[in-house]
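Engineer: Provided below are the primary sequence and the corresponding predicted coordinates.
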Amino acid sequence: MNAPHAAGVTTSAAVSARGLAKRYGGLAAVDGLDLEIAPGEFFGLLGPNGSGKTTTMHMLATLVRPSAGTACVAGFDVARAPVQVRASIGLVFQESALDRTLTVAQNLRFAGLLHDLPPRVIEERSRELLELFDLTERRDQPVAALSGGMRRALDIVRGVLHQPRCLLLDEPTIGLDLPNRRRIWRFIERLRARTGMTVLLTTHYLEEADGCDRVVFIRKGRLVESGAPRELVAGLGRHILEVEGADLDALVTALEPKLGDALREGDVAHFRCAEEDLALLARLQTEVGGKASAWRVRRPNLNDVFLWVAAGKRVA
Amino acid sequence: MVFRPIYAVLERELLRMVRQRTRLVAAMVRPLIWLLVIGGGFAAIAGADYKSFLVPGVLGMTMLFGAMLAALGTVYDKESGVMRMMLVAPLPRAWMVAAKLIAAAVAAAVQALLLLVLLALLGYAGRGTDWALLAAGIAATSFACAGIGMLTASFSRTLENFAGIMNFVIFPVFFLSGSLYPVRELPPVLYWAATLNPYTYGVDLLKHALLAGRTGADFSVASDLAVLAAATVASAAVASWRFSRESAYEPMIHVPAGRSR
């Protein structure tokens, strides 16, 4: 919320959802979700695969009709004013929305005309945005000739050409290598700095959500945690103890009465520890640490929050 | 406003048509083969006039194939993901179907005009042509064919069943029309099938325009125009309804949890 507010945007929420739900047959993909996102906020929607992130994005973008509940985006109801909602948002899908056979410029012209932009405006904004996204030299190349990272960058340019008040990014860096993921984030940062637009994001790469003003974790279509990333991480504990060993069950049985519930992840058991537990940890290491093949104490991060949430455990 | 989005879809369709040059060449060669080879062969039985009788039919064929292929591009758009760009556009869904239909009709009409130039150069069109009626015939037939195409596209999930579409849509529509023979001389079952086929009236209208005063046309100009207009509107309405359901965009839009991608 320390992000600059977009010019001309009212102070009411950029996105608000009440009891939003989507059922497919007996399956509840989204199950009564409440969201409130302020204008200019950089907001992360996090959760395991199949938790309902993409369905939520598509309901907010008016592509999927909610089974129950309401949602407003940029002040417009998704069910009653879908066309106005679509005019106010930019959506970047997990998969490409580009025509591979057309050139970069032709794709942007197509997208711009679909948004009722005059050709001159499309030209101007394309030039600016391609510059911002380091794609100027690719302007007249077919999309098929672009690398995966460039294509994703172009897809984002496509999504913001009409200067939406709210940008929805569904896994914007999925399938990209680390340098390209960093590039995409630099682009999004530049874009936010320049336009102050609200950005709603889903991602699996949790370190990328560290920069969000606020994140929510959803699991099985329900909101389970929300807050600023730093607060959520702090809520988890001061330290995470990771233990490995040949007889992990015995180690966990020995440690759980002292440290609370463990989170088992393959051959590793995680424990949450408070600051004052450090002395206890040192003592436990001499007592039971001998049976462990690895004993690591480290700072928690958003990935830990994700793991604990995904395992269905309360974090705060 | 809906003008620019419709123009966007049209411009992309024409770009695709020009770029896929083999498709364009095929659209010119296919009717000429029918006219010169098959028409030439049958002229031996049916008389020398048969070739000129065939001219409206092959002109209609260009529109039928041109409009069908362009409209079926919608299925390609779904598969390739380009449809996503259209889905997020601030445009009511019905207009997206209308835009695709208009684009397919214009692409078909452009191909018909190109073929008409070739036919005129070969001496198969020109004398005795009612040009105003021909223009109306090309426009109405292109739109009706685009309507049939959009209707087919709205029922096709993947392009894999394209062979099926050829066999069960394009060929029956073409053969059960007056393209190759006068409708009124068909046996009763085929006659009724032909009268139920909107494309029949397109070819009939082209016969009125190209074979003015000569034998050939089976229905009146007014009924041809009425049937073509009604067929266009009806197929556009059904296609819009089909495309307005969100399941039409699966699997591009959404894969419910628990189903593999």
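Structural biologist: That came through, no problem.
Engineer: for the helix or strand harbouring A:T253, packing partners?
Structural biologist: Using DSSP states H and E, A:T253 sits within helix A:248-259. Contacts defined by 3 or more CB pairs under 8 Å, 6 or more residues apart in numbering or on different chains; DSSP states H and E place helix A:248-259 against strand A:239-244, strand A:268-273, helix A:278-288. (Glycine included, C-beta is placed from N, CA and C.)
Engineer: Near chain A, which residues of the stretch 51-200 of chain B are found?
Structural biologist: Within reach of chain A by CB under 8 Å from any CB of the partner chain, the stretch 51-200 of chain B has these residues: B:80-82, B:84-92.
Engineer: List only buried entries from the residues you listed.
Structural biologist: By neighbour count, with 16 or more other CB atoms under 10 Å in any protein chain shown, these hold B:80-82, B:84-91 as buried.
Engineer: Quick check: the farthest pair among those?
Structural biologist: B:S80 and B:P90 (22.0 Å; CB to CB).
Engineer: burial of the closest residue to A:L280 other than its chain neighbours, as a residue count?
Structural biologist: In space, and not counting its chain neighbours, A:L280 is closest to A:K258: 6.5 Å by CB to CB, 6 or more residues apart in numbering or on different chains. Other residues near A:K258 come to 15 when the count uses other CB atoms under 10 Å in any protein chain shown.
Engineer: for chain A, which spans come out with low pLDDT?
Structural biologist: Scanning chain A for pLDDT under 70 picks out A:1-11, A:314-316.
Engineer: got the residue ranges for the strands in it?
Structural biologist: Using DSSP state E, the strands found in chain A span residues A:15-24, A:27-37, A:42-46, A:68-73, A:76-77, A:89-92, A:166-170, A:198-202, A:214-219, A:222-227, A:239-244, A:263-265, A:268-273, A:294-298.
Engineer: from the chain's centre, how far out does the helix holding A:T253 sit?
Structural biologist: How far helix A:248-259 lies from its chain's middle: 34 Å, per CA atoms, centre = their mean, to the nearest Å.
Engineer: Using PDB, write down the CA coordinates of it.
Structural biologist: Output of helix A:248-259 as PDB, limited to C-alpha atoms (Å, rounded to 0.1, in the frame of the first residue of the first chain):
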ATOM      1  CA  LEU A 248      13.300 -39.900  11.100                       C
ATOM      2  CA  ASP A 249      10.200 -41.300  12.900                       C
ATOM      3  CA  ALA A 250      12.100 -41.700  16.100                       C
ATOM      4  CA  LEU A 251      13.700 -38.200  15.800                       C
ATOM      5  CA  VAL A 252      10.300 -36.700  15.200                       C
ATOM      6  CA  THR A 253       8.800 -38.500  18.200                       C
ATOM      7  CA  ALA A 254      11.600 -37.300  20.400                       C
ATOM      8  CA  LEU A 255      11.400 -33.700  19.200                       C
ATOM      9  CA  GLU A 256       7.700 -33.100  18.800                       C
ATOM     10  CA  PRO A 257       6.900 -32.900  22.600                       C
ATOM     11  CA  LYS A 258       9.500 -30.100  22.900                       C
ATOM     12  CA  LEU A 259       9.100 -28.200  19.700                       C
END
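Engineer: what's the farthest-apart pair in the residues of the stretch 51-200 of chain B next to chain A?
Structural biologist: Of all pairs drawn from those, the one with the longest distance (CB to CB) is B:S80 and B:P92, at 23.1 Å.
Engineer: Let me have the helices and strands packed on helix A:248-259 in CSV, extended by mean neighbour count.
Structural biologist: CSV is the format used below for those (neighbours: other CB atoms under 10 Å in any protein chain shown):
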stretch, mean neighbour count
strand A:239-244, 20
strand A:268-273, 21
helix A:278-288, 14
